[in-house]
Each structure stands twice: as C-alpha cells, then as structure tokens.
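*Asks:* This is a predicted model, with the sequence first.
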Amino acid sequence: MKITIKKLPKSEVEIEGELEAPIFEKYFGVALKKLGENAKIDGFRQGKIPENVLLSNIPESQILGEMAELALGEHYPKIIEENKIDAISRPEISITKLARNNPLGFKIKTAILPEIKLPDYKNISKKIIGEVTDAEKNITVTDEETEATILDIRKSRAPKKHVAEGVEPHEHKEGEPARHADASHAGGEHKHEEVATAELPEFNDEFVQAMGPFKDVADFKTKLKENIKIEKENQLKQKTRLKIIEKIIEDSTLEVPEILIEVELDKILYRMESDITQMGLKFEDYLKHINKTKETLRTEFRIEGEKKAKLALILNEISKAEKITADEEQVTKEVEAILDHYKDADPERARMHAENVLTNEKIFQFLENQ
C-alpha cells in the first residue's frame, strides 16, 4: 500500500493512499454476501439469494461502496499502528478512486494527540506551594463561625412559613452538619432578612440528637468545628491546585484539536441540562427564558471548553512522563460504587471515569509533594 501523511493545522493529519487492485478485489465476494443478507427479492428467501441473482439486482456502485468500507475498516487500524499515529477522533474518509480491478484511492483526515511542550511543572508547583503563607496554613475556626453555622442549620430546620423570603434553607445530611452548612457564610454579613430567633427551633441536646449520632450540644459543636476546619482545608487545597494548574497551562505549548474542545462542550451542556431537568424544568423552556440556543451557549462556553481540553491533555502528558497510574484496587472499588449508585451506568465508561479521576488525584498529589 502506498501512503503519504501530511500534517494539517489544529493537530490533524491527512493520510492519502491507494490499496492495490488485487487486495481490493478480494473484498468483492465478502461485500456481495453482506449486501445479500439484507436484500429482498421476490421469489427468494432473505439471506438465501444466489450470487448471480444478486449481481443482476444490486448496482455495482453499491457493491463497490461496501467493498471500500470493508477494506478501509480492516486496513485503517494497520495504517495508524504502522505509522505510529495517535488518532483521537473518528476518521473522515473520502474515496478518490473506486472501480473494479483498480486500486482503491482514499484520503483520510483524523485528529491526533498534539505535540505538547510542558514547562518545568515541578518547579512551578514548588514555587506556588512555597507562596502559601503561614497564616493561610494555620486554619482555625472561631466561635463566631461555629455559631453562625448553627444559626444556618436552625433556619433550615425552621417551619417553612417562618422562613423569610430570600433565605435559602440549606440541606443537611444526618450526622454531617458542617459539610453541608455553608462555612463560607460563617461570620459574614447576612444580607437576607433574618428569621426571628424566637421562631427558630431551640438548639438543645434533643435537637442535635435528632440530626445524627451526637451525644449532646457540646459533642455536636466539637464535631461541627472539625468539619468546618476540614472544609476550609479543602478550600485552600483546591485554591492552590487551581493556581498550579493554571500556571502550567499558561506556560505549556500545545495546539488543542477541535474534536476535544467539542467533547468538553458536550459535557458542559450535558451537565447544565441535567441540573435544569433535576429542578423540574424543561431545558428547551429554560433556553427560551434566557433567550439563548444551544449553539449560543457553545460559543459562550468555548474558552472554558478549550481550557478543560488543555487540562486533560497536560495531565495525561504528566502522567506519561512520571509514569503515574491509578491503583487498580482503588479503581475497582470506585467502579463498584458508581455502578451501585447509577444502576444503568455502562461498566466500561465507569471504569474509564474512575481511572481518570484517581490518576488525576495522584498527579495533583505528586505536584503538591514537590
């Protein structure tokens, strides 16, 4: 097979070539048989039509089209492997020569993994982590923050008729008061109209025991403080990670394939549609309300989509450079948890998701340890 490979902009390649006539001709019988399985001709049972009858009833152009599909379906993976092409999209195939007893001419365009020039990501991480001040690291929780969170919890448990307009009740899971209490509001100004203290449920041992496994008010406050502290630590960690990755993205050189940006935009819109649907609204009605179309949203979210695609490519490149992979045992546990929670989830996609999330977590831990 003769082929030439041409690099195109936006991390795409064009493969042009010819499959020799004798090799292409071998697909004639297979193509005819395949077309014959679905052919319907009066007087013959489907799938049992003689070859000479098929030849007189199926146009040659249709047979040639099927031959080309079968031939390239078999030879395209070989071309990719032999020429070490990291294809990441479905190939766009156009046939340039198609005739019996002639070579099959074709052009194939596909997106490939781009060349990525990474900066000194270890040094970037070290520098940013070094900039975290002692005051930021020394996380404390004040009594005022604890009391403000308790007030939020009491408001969320107050009878609905007593909640003033504009106050959004918080969801609190049993036994996890602080993770769902908005610690960021703690100690801050409450701009909404306050619910009169007299209308709130009394904060006593009985109240906290009804919320989870708490002995009394003192035990609840201790655990609440611990949870607010964990929440603050997580916020600092996320803020630092964001700074690290934004600097690595900024200093990296890569051309993001269009297909990967489109994939990220699909994910953004899918999540948005899911959130709207869970609120009991139709996505189409929501779009009408904000006077936008899906195409408008794709344009608006394009920069975010490109950034997410860059992040995925960069993390993948770091994982290869540092030989970082997810722990197989952890992946299995995560997949079990996903399939247990989402009964209709595809096991293969669940595994890919779990591997991706756990690998990325290990990459961030590696960067934080510089």
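*Replies:* Received it, and whenever you're ready, just let me know what you need.

*Asks:* looking at this structure, which helix or strand does the model trust least?
*Replies:* Across the helices and strands of the chain, mean confidence by mean pLDDT, DSSP states H and E is lowest for helix 177-180: a mean of 40.

*Asks:* In this protein, where's the longest helix?
*Replies:* The residue-count maximum for a helix in the chain (DSSP state H) belongs to helix 217-251.

*Asks:* which helices and strands does it pack with?
*Replies:* helix 121-130, helix 143-157, helix 177-180, helix 205-211, helix 302-322, helix 347-368 (3 or more Cβ pairs under 8 Å, 6 or more residues apart in numbering; DSSP states H and E). Placement of C-beta: from N, CA and C, glycine included.

*Asks:* Tell me how far the helix or strand just after the first one lies from the chain's centre.
*Replies:* Note on helix 121-130: by DSSP states H and E, the next helix or strand toward the C-terminus is helix 134-137. Computed by Cα atoms, centre = their mean, to the nearest Å, the chain-centroid distance of helix 134-137 equals 33 Å.

*Asks:* cool, and stretch 252-267?
*Replies:* 12 Å.

*Asks:* which residue is nearest the centroid of the chain?
*Replies:* Central residue of the chain (Cα atoms, centre = their mean): Lys267, 6.0 Å from the mean position.

*Asks:* Flag every buried residue along the longest helix of the chain.
*Replies:* 217, 220-221, 223-225, 227-229, 231-232, 240-241, 243-245, 247-248 (16 or more other Cβ atoms under 10 Å).

*Asks:* which helices and strands sit right next to the helix or strand that it is followed by?
*Replies:* Along the chain past helix 217-251, the next helix or strand (assigned with DSSP H and E) turns out to be helix 258-278. Packed against helix 258-278 by the contact rule (3+ Cβ pairs under 8 Å, 6+ apart) you find strand 104-111, helix 283-290, helix 294-300, helix 302-322.

*Asks:* Now helix 258-278: average pLDDT?
*Replies:* Per-residue pLDDT over helix 258-278 has a mean of 92.

*Asks:* Could you do stretch 309-321 as well?
*Replies:* On average, stretch 309-321 scores 94.

*Asks:* Can you give me the buried ones in stretch 250-265?
*Replies:* Residues Ser252, Leu254, Val256, Pro257, Glu258, Ile259, Leu260, Ile261, Glu262, Val263, Glu264, Leu265 are the ones in stretch 250-265 that count as buried (16+ other Cβ under 10 Å).

*Asks:* Kindly reformat the residues you listed as JSON lines containing distance to Ala111.
*Replies:* Shown next, in JSON lines, are those (distance: Cβ to Cβ, whole Å):
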{"residue": "Ser252", "distance to Ala111": "18"}
{"residue": "Leu254", "distance to Ala111": "13"}
{"residue": "Val256", "distance to Ala111": "10"}
{"residue": "Pro257", "distance to Ala111": "4"}
{"residue": "Glu258", "distance to Ala111": "7"}
{"residue": "Ile259", "distance to Ala111": "4"}
{"residue": "Leu260", "distance to Ala111": "7"}
{"residue": "Ile261", "distance to Ala111": "10"}
{"residue": "Glu262", "distance to Ala111": "10"}
{"residue": "Val263", "distance to Ala111": "10"}
{"residue": "Glu264", "distance to Ala111": "14"}
{"residue": "Leu265", "distance to Ala111": "15"}
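
*Asks:* Assess the claim that Glu334 and Asn356 are in contact.
*Replies:* No. The criterion here is Cβ atoms under 8 Å, and Glu334 misses it with Asn356 at 10.4 Å.

*Asks:* Would you mind telling me which of those two has the busier surroundings?
*Replies:* Neighbour totals were compared for Glu334 and Asn356, and Glu334 leads with 19 against 16 (other Cβ atoms under 10 Å).

*Asks:* Look up the closest residue to the more buried one, ignoring the ones flanking it.
*Replies:* With Cβ to Cβ, 6 or more residues apart in numbering as the criterion, Glu334 has its nearest non-adjacent residue at 3.8 Å, and that residue is Ala354.

*Asks:* still on that earlier bit, out of the helices and strands packed on helix 258-278, which gets nearest to Glu348?
*Replies:* In terms of Cβ to Cβ, the element of the helices and strands packed on helix 258-278 nearest to Glu348 is helix 302-322, at 18.6 Å.

*Asks:* Can you give me every residue that contacts the residue nearest to the centre of the chain?
*Replies:* Each residue near Lys267 by Cβ atoms under 8 Å, 6 or more residues apart in numbering is listed here: Lys308.

*Asks:* so how far is Thr359 from it?
*Replies:* For Lys267, the distance to Thr359 (Cβ to Cβ, to the nearest Å) stands at 18 Å.

*Asks:* How about Ala21?
*Replies:* Remark: distance between Ala21 and Thr359 (Cβ to Cβ) = 47 Å.

*Asks:* between the two, who's got more neighbours?
*Replies:* Under the criterion of other Cβ under 10 Å, the comparison of Ala21 against Thr359 puts Thr359 first, with 19 against 13.

*Asks:* pLDDT at that one, what is it?
*Replies:* Per-residue pLDDT puts Thr359 at 96.

*Asks:* So for it, what's the nearest residue that isn't a sequence neighbour?
*Replies:* Counting by Cβ to Cβ, 6+ apart, the residue nearest Thr359 is Ala326, at 4.5 Å.

*Asks:* pLDDT at the one you found, what is it?
*Replies:* You'll see Ala326 listed with a pLDDT of 94.

*Asks:* and it, how many neighbours?
*Replies:* Per other Cβ under 10 Å, the neighbour tally for Ala326 reads 18.

*Asks:* Quick check: it touching Ile363?
*Replies:* No. In this structure Ala326 lies outside contact range of Ile363 using Cβ under 8 Å: 10.1 Å.
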